[in-house]
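Enquirer: fold the following and give me the result.
(one chain, ligands or ions: 1)
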Amino acid sequence: MKPALLCHGPYTGRFAPSPTGPLHAGSLVAALASWLDARAHGGCWLVRMEDVDPPRCVPGADHEILRQLDALGLVPDAPPQWQSRRGALYAAALERLIEAGSSYPCACTRQQIAAAAAALGRPPARHEELVYPGSCRPERGGLRGQTPRAWRLRLPDDATVHWADRRLGTQSQDVAAVVGDFVLKRGDGLWAYQLAVVVDDADQGVSHVVRGADLADNTPRQVLLQRALGLPTPSYLHTPLVMAASGEKLSKQHGATPLEVSDPLAALRAAAAVLELHVDAAQRPDWLAAATWAWAARWTNGA
Ligand code: GLU
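Expert: Okay, here's the model as predicted:
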């Protein structure tokens with residue numbers, strides 16, 4: 001079913017959690033901000049479970065997240081979607097890219113990519129993502145008889161993307177220098193987040209993306225993919241992150257505990273504080289209405 005049946009106005013937003021665990025204080029910030037932005041625009045708010053990477057997903061976390069959202073009063077305007085059921089859409093998009101010459105198969109292992117980067121004088125720093133040097137590009141010899149592992153997006157000659165984030169302001173990234181031709185379908189056969197998110201945002205008519213700032217540096221890749229597929233680019237707002245004591249983004253790996261929703265207002269207030277919203281109301285429905293006004297006053301000026 002197409003949620004667009006219910007969401008046909010000019011604004012569609014979404015919260016797109018990966019069900020790797022229940023909601024925590026950090027993921028609630030993105031959920032609340034995307035809900036508030038949709039409400040402030042009189043728009044539609046969707047929830048999409050990003051379960052394209054089954055080994056990382058925790059069984060039952062999807063339903064737990066929906067239960068937590070419901071307890072907080074953040075209820076989607078259309079039935080939630082699961083990416084694991086949408087593979088045919090991703091396959092069709094990849095097919096279009098291949099036909100257009102915008103995607104090619106790659107046989108490289110991580111070690112080969114690291115060796116190729118080192119040979120070019122660009123050894124990856126520890127923990128840094130490997131910049132793919134394009135070794136399997138067709139004009140560089142292609143697969144050379146090796147078995148294809150992944151499919152990559154062929155970046156355009158000028159892969160510098162400029163984009164305007166509603167909170168962070170003007171941003172730019174040279175995707176060729178930072179990531180290179182990136183993966184659309186992984187060697188293990190799983191769809192890459194970048195392809196799934198771009199296809200789904202377009203298919204669901206998402207006009208406004210509101211999500212955590214840790215995803216801001218993925219945006220230029222998504223913009224290039226939108227352009228390659230002839231899809232519109234939504235507006236973006238990346239929210240502040242909640243930090244763990246270690247100084248890392250709060251996540252399950254960095255100390256996040258499941259969000260306690262038996263006191264929904266306390267959880268909502270904590271998330272609003274991260275968003276620097278000052279909201280004064282004692283009952284959840286009033287609080288959500290007041291928070292929507294506070295958000296609108298701050299973020300919807302002509303957005
Ligand atoms: N599934 C991603 C995450 O939980 C979010 C994707 C997005 O909002 O674009 O980190």
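Enquirer: tell me, how many residues neighbour residue 200?
Expert: By the criterion of other Cβ atoms under 10 Å, residue 200 has 21 neighbours. C-beta coordinates here come from the backbone N, C-alpha and C atoms, glycine included.
Enquirer: how far away is the closest residue to it other than its chain neighbours from residue 206?
Expert: Leaving aside its sequence neighbours, residue 200 sits nearest to residue 48 (Cβ to Cβ, 6 or more residues apart in numbering; 6.0 Å). Distance check for residue 48 against residue 206: by Cβ to Cβ, to the nearest Å, it reads 9 Å.
Enquirer: what residues are shared contacts of those two?
Expert: Residues within reach of residue 48 and of residue 206 at once, by Cβ atoms under 8 Å, 6 or more residues apart in numbering, are 14, 200.
Enquirer: quick one: residue 275 from the ligand, how far?
Expert: Distance, residue 275 to the ligand, by Cβ to the nearest ligand atom, to the nearest Å: 16 Å.
Enquirer: residue contacts, that residue?
Expert: 29, 32-33, 36, 239-240, 295.
Enquirer: change it to 10 Å
Expert: Neighbour list for residue 275: 29-30, 32-33, 36, 167, 239-240, 291, 294-295, 298-299 [criterion: Cβ atoms under 10 Å, 6 or more residues apart in numbering].
Enquirer: quick check: closest non-adjacent residue to residue 50.
Expert: residue 18 (4.6 Å).
Enquirer: three-state assignment of that neighbour?
Expert: Secondary structure, DSSP: H, G, I helix; E, B strand; the rest coil: residue 18 is coil.
Enquirer: and it, how many neighbours?
Expert: By other Cβ under 10 Å, 19 other residues sit near residue 18.
Enquirer: beta partners of the closest residue to the ligand within the stretch 101-250 of the chain?
Expert: Closest to the ligand within the stretch 101-250 of the chain is residue 211: 3.6 Å, counting by Cβ to the nearest ligand atom. Per DSSP bridges, the residues bridged to residue 211 are residue 238.
Enquirer: what's the helix or strand for the residue lying farthest from the centre of the chain?
Expert: Distance from the C-alpha centroid of the chain peaks at residue 145, with 34.8 Å (Cα atoms, centre = their mean). Following DSSP states H and E, one finds residue 145 outside all helices and strands.
Enquirer: hang on, it packs against residue 136?
Expert: No. Checked against Cβ atoms under 10 Å, the pair residue 145 and residue 136 is beyond contact range at 11.6 Å.
Enquirer: overlap of the contact sets of these two?
Expert: In contact with both residue 145 and residue 136: residue 107, using Cβ under 10 Å, 6+ apart.
Enquirer: quick one: contacts for residue 285?
Expert: residue 73.
Enquirer: the ligand versus that one, what's the distance?
Expert: In terms of Cβ to the nearest ligand atom, residue 285 sits 26 Å off from the ligand.
Enquirer: chain center to the helix or strand harbouring that residue: distance?
Expert: Per DSSP H and E: residue 285 is located in helix 284-299. Going by Cα atoms, centre = their mean, to the nearest Å, the spacing between the C-alpha centre of helix 284-299 and its chain's C-alpha centre is 24 Å.
Enquirer: show me what counts as buried in it.
Expert: 287-288, 290-292, 294-296, 299 (16 or more other Cβ atoms under 10 Å).
Enquirer: what's the answer for stretch 38-56, then?
Expert: Going by neighbour count (16+ other Cβ under 10 Å), the buried part of stretch 38-56 is 38-41, 43-53.
Enquirer: in helices, which of the residues you listed fall?
Expert: Secondary structure from DSSP state H places 38-40 of these in helices.
Enquirer: near the ligand at all, stretch 74-86?
Expert: No. Judged by Cβ under 6 Å from any ligand atom, stretch 74-86 stays clear of the ligand, getting no closer than 8.7 Å.
Enquirer: only alpha carbons, please: show that stretch as CSV.
Expert: Taking C-alpha atoms only, stretch 74-86 is exported to CSV below (Å, rounded to 0.1, in the frame of the first residue of the first chain):
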residue,chain,number,x,y,z
LEU,A,74,4.0,10.2,18.3
VAL,A,75,1.7,8.2,16.0
PRO,A,76,2.4,7.9,12.3
ASP,A,77,-0.2,9.1,9.9
ALA,A,78,0.0,6.0,7.7
PRO,A,79,0.9,2.4,8.4
PRO,A,80,4.7,1.9,9.1
GLN,A,81,6.8,0.4,6.3
TRP,A,82,9.7,-2.1,6.6
GLN,A,83,12.6,-1.8,4.2
SER,A,84,13.1,-5.6,4.3
ARG,A,85,9.8,-5.9,2.3
ARG,A,86,10.8,-3.3,-0.3
